[in-house]
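# A structural model of the following input is requested.
(one chain, ligands or ions: 1)
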Amino acid sequence: MTDRALRLGTRRSKLAMAQSGHVADAVRRLTGRPVELVEITTYGDTSREHLAQIGGTGVFVTALRDALLAGEVDFAVHSLKDLPTAQPENLALAAVPKREDPRDVLVARDGLTFDRLPDGARVGTGSPRRMAQLNAYARDLGKRVETVAIRGNIDTRVGYVEKGELDAVVLAAAGLNRIGRISEVTDFLAVDHVLPAPGQGALAVECPAADAGLVAALAELDDPHTRAAVTAERSLLAALEAGCSAPVGALADLLADQQAVEMRLRGVVGTTDGATLVQLSTTGPVPTSHGDAVALGRELASEMLAKGAAGLMGERAL
Ligand SMILES: NCc1[nH]cc(CCC(=O)O)c1CC(=O)O
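Numbering: from 1, shown residues only. Okay, here's the model as predicted:
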């Protein structure tokens, strides 16, 4: 490696810039090399269509990957939950830094929590996973909410509540935190009620697989526990043959008792109306290899498929 600045390709959104800036600082610190941000526009940033209608997984990711493969930038940072589950062979997932809060949160008018939302409240989200679980959660509380399909960046989505067009919106805690708006959260949704998207709250640092020196340097940012957890979550998603717009939630975490530390993987799939959910968990030794983490996800997927999960995933959003 030379000492020229490393070029970090990034989307222009506030969230992407915050995430890239954070990783750029860490890379400067760990490698002592200068890092410059190179802005790249992606189709997902310019399209006004609903994500689920664009249909493909990874609309935010493709342009960054094209720039990596064209040698226009040296590495890129993605929200891990936006990455398709299949990793291209010519690109290395060089680091998965320590994950922050994986939960979904509510930003509601008047400081309302989910259990205090009035019957029939209008709750904005473009995600079939969130719709399915919010509708089921409301039903458990003896009421209904009207889930309203919205999209746009975080500021746009919170704006629906600020302008009084919706009672609440649901977003990822991690995104709000990274753009400095976490104080506006009115309810952190317990993962017992709403499981996050596989990989939510984690970042993916990617570079060309052929650049072995850079792969090794970026690996300094890797957090092995986060990597094992998100690998298990994404393996579940892949084994359910679901795309990023499918109503699949998953979260792996560590469970400690007197005897040992184990990894628990929870998963959910459901119809967007929340009428039917398949929600299961499995627990096993903390994975010590990529293959072990993949196996944990596959094991839970086969249990969920045996309980009818496949029949719930034909739906395409909204
Ligand atoms: N779907 C868009 C997206 N991709 C990553 C995040 C937030 C950051 C993260 O989950 O890591 C968001 C916004 C949201 O879901 O509220």
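# how about the residues of the stretch 151-300 of the chain near the ligand?
171-172, 174-175, 200-201 (CB under 6 Å from any ligand atom). In this view, the C-beta of every residue, glycine as well, is placed from N, C-alpha and C.
# Find the closest residue to the ligand in the stretch 201-318 of the chain.
Residue nearest to the ligand within the stretch 201-318 of the chain (CB to the nearest ligand atom): residue 201, separated by 4.8 Å.
# mind listing the strands for the stretch 101-250 of the chain?
104-108, 121-124, 145-148, 168-172, 187-188, 203-208, 248-256 (DSSP state E, counting those that start in this stretch).
# Could you list the buried residues of the third one?
Read that as strand 145-148. 145, 147-148 (16 or more other CB atoms under 10 Å).
# circling back: need the strands of the stretch 101-250 of the chain in a markdown table (columns: distance to residue 98 and mean pLDDT).
What follows is those, written out as a markdown table (distance: least, CB to CB, whole Å; pLDDT from 0 to 100):
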| stretch | distance to residue 98 | mean pLDDT |
| --- | --- | --- |
| strand 104-108 | 19 | 98 |
| strand 121-124 | 30 | 98 |
| strand 145-148 | 32 | 97 |
| strand 168-172 | 16 | 98 |
| strand 187-188 | 19 | 98 |
| strand 203-208 | 9 | 98 |
| strand 248-256 | 13 | 95 |
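# Output these in TSV; the columns should cover distance to residue 12.
Shown next, in TSV, are the strands of the stretch 101-250 of the chain (distance: least, CB to CB, whole Å):
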stretch	distance to residue 12
strand 104-108	23
strand 121-124	23
strand 145-148	27
strand 168-172	19
strand 187-188	29
strand 203-208	17
strand 248-256	29
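# what about those, which gets the closest to residue 21?
strand 203-208 (11.7 Å; CB to CB).
# how about residue 61, what does it touch?
Residues near residue 61 by CB atoms under 8 Å, 6 or more residues apart in numbering: 42, 78, 82-84.
# Then residue 193?
Going by CB under 8 Å, 6+ apart, the list of residues near residue 193 reads 114, 133, 137, 140.
# pLDDT value on the last one, please?
Looking at residue 140, its pLDDT is 96.
# Would you mind measuring from it to the ligand?
23 Å (CB to the nearest ligand atom, to the nearest Å).
# ok so, going back, give me the buried entries from the contacts of residue 193.
Among the contacts of residue 193, the ones that count as buried (16+ other CB under 10 Å) are 114, 133, 137.
# tell me which of these is nearest to residue 97?
residue 133 (26.7 Å).
# what about the closest residue to that closest one other than its chain neighbours, neighbour count?
Leaving aside its sequence neighbours, residue 133 sits nearest to residue 194 (CB to CB, 6 or more residues apart in numbering; 4.5 Å). For residue 194, the neighbour count with other CB atoms under 10 Å is 23.
# Ok, residue 28 next?
14.
# So residue 281 is in contact with residue 300, correct?
Yes. Assessed by CB atoms under 8 Å, residue 281 is found in contact with residue 300 at 7.2 Å.
# And the helices in the stretch 151-300 of the chain?
154-162, 173-178, 212-218, 224-239, 290-306 (DSSP state H, counting those that start in this stretch).
# Next secondary structure after the helix-or-strand element of the chain with minimal mean pLDDT?
When the helices and strands of the chain are scored by mean pLDDT, DSSP states H and E, helix 51-54 comes last with a mean of 45. As assigned by DSSP states H and E, the chain's next helix or strand after helix 51-54 is helix 62-69.
# List the buried residues in that following helix.
Here helix 62-69 shows 63-65, 67-68 as buried, counting by 16+ other CB under 10 Å.
# Residue of the stretch 101-250 of the chain nearest the ligand, please.
residue 175 (3.0 Å).
# circling back to that earlier point, redo the buried residues of helix 62-69 as a markdown table? Include pLDDT.
Below are the buried residues of helix 62-69 laid out as a markdown table (pLDDT from 0 to 100):
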| residue | pLDDT |
| --- | --- |
| 63 | 89 |
| 64 | 93 |
| 65 | 94 |
| 67 | 95 |
| 68 | 96 |
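# Just give me the closest of those to the ligand.
residue 64 (13.3 Å).
# Identify the residues contacting the closest one.
9-11, 40, 42, 73, 76, 78, 206.
# Of all the residues in the stretch 1-150 of the chain, which one is nearest the ligand?
Closest point on the stretch 1-150 of the chain to the ligand, by CB to the nearest ligand atom, is residue 79, at 3.4 Å.
# got the contact list for that residue?
15, 19, 60, 175, 199, 202-204.
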